[in-house]
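[1] Dropping a prediction and its sequence here:
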Amino acid sequence: MSNFLEEIKNGDHGTTGIITFEDRDIDEEGAKQIAMALTMMLMDPHDTTTTTTTTTTARKKRRKTTTTTTTPIEIRELHLSANNLPFSGVMAIAKVLEEKNTTLQVLTLSRNNLGPEGAAVIANVLIVNQTLQDLNLEHDDIGPQGAVAIC
Amino acid sequence: MTILDLKVLWQFAKILVGTNHNVTSLRHLKLAGNNMGPQGGTAFANALKTNQTLQHLDLGYNDIGCEGAVAFSKVLKTNQTSLQEIYLQGNEIGMKGAVGIGMTLATKQSLRFLDLTMNELGPEGTKEIAKGLIVNQTLQGLFLASNDIKCDGAVEIGKALQTNQTLSRLYLEENRIGCQGAVAFGKALETNKTLQELNLYENRIAKALETNQTLQQLDLRENEIEEDGTEAIMEALDMNETLPEGVVEYDVV
C-alpha cells in the first residue's frame, strides 16, 4: 500500500512546492495523508545545512549533530487528477483547507467523480479559504446527466 | 434534474464566484465536462454579476445550450466583471446563442479570449460574432473551429478583420470555408496589422477547386505551400472540369 506522506517527504516536493499524484487510486487513508502533508512545511532536501558542535568534557568528547533547513517550502499546488477519490477523502482535504492550510493556490481534482456533493464540499472551502486561486474540477460529474436542451 | 441537484449547483455557483461573501481569492475556475446543462450555465452566469475576482472561466462541454449562452451574454453585457477569458467550447450554443455573444463582444470591452469551438454556429451565427468583432477592441484570441462556418461566415469574419485592431489569434479549423472564404482572408490580411496566428486547417480550400466551375486562372506561386498542400491542389485539379490545363501555377517549398 502506498504511503503518500513518506513519498511527499522524500520526493522533490520540498523543492518545488508542488504535489502531484495522478491515476493512483487514492483511498480515504491516502487522502488523509496528503491532507496531513498540507499542514506541514516541507524541507528542501537540497538546501540543508549541517552544523556540528563538539563539546569537550573532562572525560569524553560528545558530538552533537543537528540538521536545520534554512528555507522550508510552502506547498502551493496540489494536483490529484483521476484518482477515484472517495467522498471521505475529499472531506479530509477540504477540512485541512478550511481549517489549517493557507498556502495552497492551485487545486486540481479533475476526473474524480466528485458529484454535486463532493463539489459542494470543495465550494464551501472557498468561503473561509482566501488563498486558493485556481480550481480545476473538470469531468467530475457535478451537474446532472440527462436531457440536453436544444434551442 | 432533481431538485436537490439544482440546489447544490446553485449554491456551488454562488459560493464559487463569491456572492455569499465579499472577497474570494479565486482567479481561475475550470469546470469543463460536468453536464451542468442550461440551468448550470445560467447559475454561473448570474453568479458572475457581483464577482470581481474571477478572470478565467472554463465551462466547456457542459451542454449549457442557447439558454446558457444568452444568460452569459446578458450578464457580461450589463455588469462590470473581472472576467478576461471564457471557454464555452462544445456547448451547442447555436445560431441564436451567437446573437447575444456577438452583441456582448460589441459592448463588453474587457474579454481577451473567447472559445466557441464546436458550437453549431453556422454561417449565420458566425455573422453575428463578426458584427461584434468589428467594434470590439479587447479580444486577442477567438476560437471558432468546427462550427460549419462555410464560405459565407468566413467572408464576414474576413470583413471584420479589415477593421479589427486587436485580434492576434484566430482559429478556424474544420469549417469548410472553401476557396472564396480563403480569398476573403487573403483580402483581410492585406490591411489587418494585428493577426499573428491564423489557423485554417482542414477547410476544403483545395477541395473547392474540384467543383469550381468558373475559375480560369489560378496563380499560387510564392505561397510557401508545402508538399501535402500541393498534392491536395493537384488532386483537386484532376477533378476540376473548367480550369484549363496548365494555367495553375504553384511551387513547392
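    Right, received. Where do you want to start?
[2] Taking the stretch 101-250 of chain B, what residue is nearest to chain A?
    Residue of the stretch 101-250 of chain B nearest chain A, by CB to the nearest CB: B:Glu120 (9.5 Å). Glycine gets a C-beta too; all of them are placed from N, C-alpha and C.
[3] what's the neighbour count on that residue?
    B:Glu120 is flanked by 19 other residues according to other CB atoms under 10 Å in any protein chain shown.
[4] Wait, it touches B:Ala98, no?
    No. Shown here, B:Glu120 and B:Ala98 do not form a contact pair, counting by CB atoms under 8 Å, at 9.2 Å.
[5] and the stretch 51-200 of chain B, which residues reach chain A?
    B:Asp58, B:Asn62, B:Asp63, B:Gly65, B:Cys66, B:Glu67, B:Glu92, B:Gly94, B:Lys96, B:Gly97 (CB under 8 Å from any CB of the partner chain).
[6] Most neighbours of all those, which one?
    So for these (other CB under 10 Å), the most neighbours sit at B:Gly97, 29 neighbours.
[7] is it true that that one lies in a helix?
    Yes. B:Gly97 sits within a helix when classified using DSSP: H, G, I helix; E, B strand; the rest coil.
[8] which residues touch it?
    The contact partners of B:Gly97, taken as CB atoms under 8 Å, 6 or more residues apart in numbering or on different chains, are A:Cys151, B:Gly65, B:Cys66, B:Gly68, B:Ala69, B:Val70, B:Ser73, B:Asn119, B:Gly125.
[9] Going by distance to A:Ile19, which of those wins?
    Among the contacts of B:Gly97, B:Gly68 lies closest to A:Ile19 (CB to CB), at 34.3 Å.
[10] backbone phi and psi for that closest one, please?
    Main-chain dihedrals, B:Gly68, degrees, to the nearest 10: phi -60, psi -40.
[11] which residues touch it?
    Counting by CB under 8 Å, 6+ apart, B:Gly68 has contacts B:Gly37, B:Pro38, B:Gly40, B:Gly41, B:Thr42, B:Ala45, B:Leu59, B:Asn62, B:Asn91, B:Ile93, B:Gly97.
[12] Point out the ones among those that are inside strands.
    Using DSSP state E, no member of the contacts of B:Gly68 falls in strands.
[13] Strands of chain A, start to end?
    So, for chain A - with DSSP E - the strands run A:18-20, A:48-56, A:61-69, A:77-79, A:106-108, A:134-136.
[14] which of those strands has the lowest average pLDDT?
    Per-stretch mean pLDDT for these is lowest at strand A:48-56 (a mean of 48).
[15] nearest residue to B:Ala130 other than its sequence neighbours?
    Closest residue to B:Ala130 apart from its sequence neighbours, by CB to CB, 6 or more residues apart in numbering or on different chains: B:Glu156 at 3.9 Å.
[16] Verify the stated contact: that neighbour with B:Ile134.
    No. Checked against CB under 8 Å, the pair B:Glu156 and B:Ile134 is beyond contact range at 9.4 Å.
[17] quick revisit: count the neighbours of the residue nearest to B:Ala130 for me.
    22.
[18] ok, it - contacts?
    If a contact means CB under 8 Å, 6+ apart, then B:Glu156 has B:Pro123, B:Thr126, B:Lys127, B:Ala130, B:Lys131 as its contacts.
[19] cutoff 10 Å now
    Taking CB atoms under 10 Å, 6 or more residues apart in numbering or on different chains as the criterion, B:Glu156 is in contact with B:123-124, B:126-131, B:133-134, B:149, B:181, B:184.
[20] mind checking the SS state of it?
    The three-state label given to B:Glu156 by three-state DSSP is helix.
[21] where does the residue nearest to A:Ile34 when sequence neighbours are not counted land on pLDDT?
    In space, and not counting its chain neighbours, A:Ile34 is closest to A:Phe4: 5.2 Å by CB to CB, 6+ apart. A:Phe4 carries a pLDDT value of 91.
[22] cool, B:His21 as well?
    Reported pLDDT for B:His21: 54.
[23] which stretches of the chain aren't confidently modelled?
    Using chain A here. In the predicted model of chain A, residues A:1, A:14, A:42-71, A:144-151 satisfy pLDDT under 70.
[24] Please refer instead to chain B.
    Per-residue confidence of chain B (counting by pLDDT under 70) places the weak regions at B:1-24, B:206-230, B:242-253.
[25] Now do the strands in it.
    According to DSSP E, the strands that chain B contains are B:28-30, B:56-58, B:85-87, B:113-115, B:141-143, B:169-171, B:197-199, B:218-220, B:248-250.
[26] which residues sit in contact with B:Asn45?
    In this structure residue B:45 is Ala, not Asn. By CB under 10 Å, 6+ apart, B:Ala45 lies in contact with B:13, B:17, B:57, B:59, B:64, B:67-76, B:79.
[27] Name the nearest of these relative to B:Leu200.
    For the contacts of B:Ala45, the residue nearest B:Leu200 by CB to CB is B:Ala69; the value is 25.2 Å.
[28] ok, so what distance separates the closest residue to the closest one other than its chain neighbours from B:Thr81?
    Of all residues not flanking B:Ala69 in the chain, B:Gly97 sits nearest, at 3.4 Å (CB to CB, 6+ apart). Using CB to CB, to the nearest Å, we find B:Gly97 at a distance of 19 Å from B:Thr81.
[29] Then B:Lys30?
    For B:Lys30, the distance to B:Thr81 (CB to CB) stands at 17 Å.
[30] before we move on, what about A:Gly118?
    Noted for A:Gly118: a distance of 27 Å to B:Thr81, by CB to CB.
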